[in-house]
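Colleague: Fold the following for me, if possible:
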Amino acid sequence: MKLLATSSEEGKARWAALTKSGISPSPTNEAELLTLRGAMLDFIADFANWDNSTVPDYLETSRR
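Modeller: Okay, here's the model as predicted:
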């Protein structure tokens, strides 16, 4: 939840869609996998932001 404060709007929307579907996409459901891929790319983009690169929550999440 702490990451939402600095996340992009697109990322927030994708993560919300994943939580509605249970976050564990089925390997056969291409739409869910594409949503997960987009959410992960959004996280990477947000983490690459210089201001977020030293935020402990981003570091911990990326290590997991």
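Colleague: wait, isn't residue 47 in contact with residue 58?
Modeller: Yes. Using C-beta atoms under 8 Å, residue 47 is in contact with residue 58, at 5.0 Å. For the C-beta atoms, the positions are set from N, CA and C on the backbone; glycine is no exception.
Colleague: ok, the two, which is more surrounded?
Modeller: When neighbours are counted by other C-beta atoms under 10 Å, residue 58 comes out ahead of the other of residue 47 and residue 58, with 21 against 17.
Colleague: Nearest spatial neighbour of residue 7, chain-adjacent residues omitted?
Modeller: Nearest non-adjacent residue to residue 7, counting by C-beta to C-beta, 6 or more residues apart in numbering: residue 46, 5.3 Å away.
Colleague: now that neighbour: how far from residue 33?
Modeller: Applying C-beta to C-beta, to the nearest Å, the value for residue 46 to residue 33 is 20 Å.
Colleague: Compare these two (neighbour count), which wins?
Modeller: Shown here are residue 46 and residue 33; by other C-beta under 10 Å, residue 46 has more neighbours (20 against 13).
Colleague: follow-up on the earlier one: tell me which helix or strand comes right after the helix or strand where the residue nearest to residue 7 lies.
Modeller: Using DSSP states H and E, residue 46 sits in helix 30-48. Sequence-wise, the next helix or strand downstream of helix 30-48 (DSSP H and E) is helix 56-63.
Colleague: which helices and strands sit right next to the lowest-mean-pLDDT helix or strand in the chain?
Modeller: Taking mean pLDDT, DSSP states H and E as the measure, helix 9-21 is the helix or strand of the chain with the lowest mean score, a mean of 74. Here helix 9-21 touches helix 30-48, going by 3 or more C-beta pairs under 8 Å, 6 or more residues apart in numbering; DSSP states H and E.
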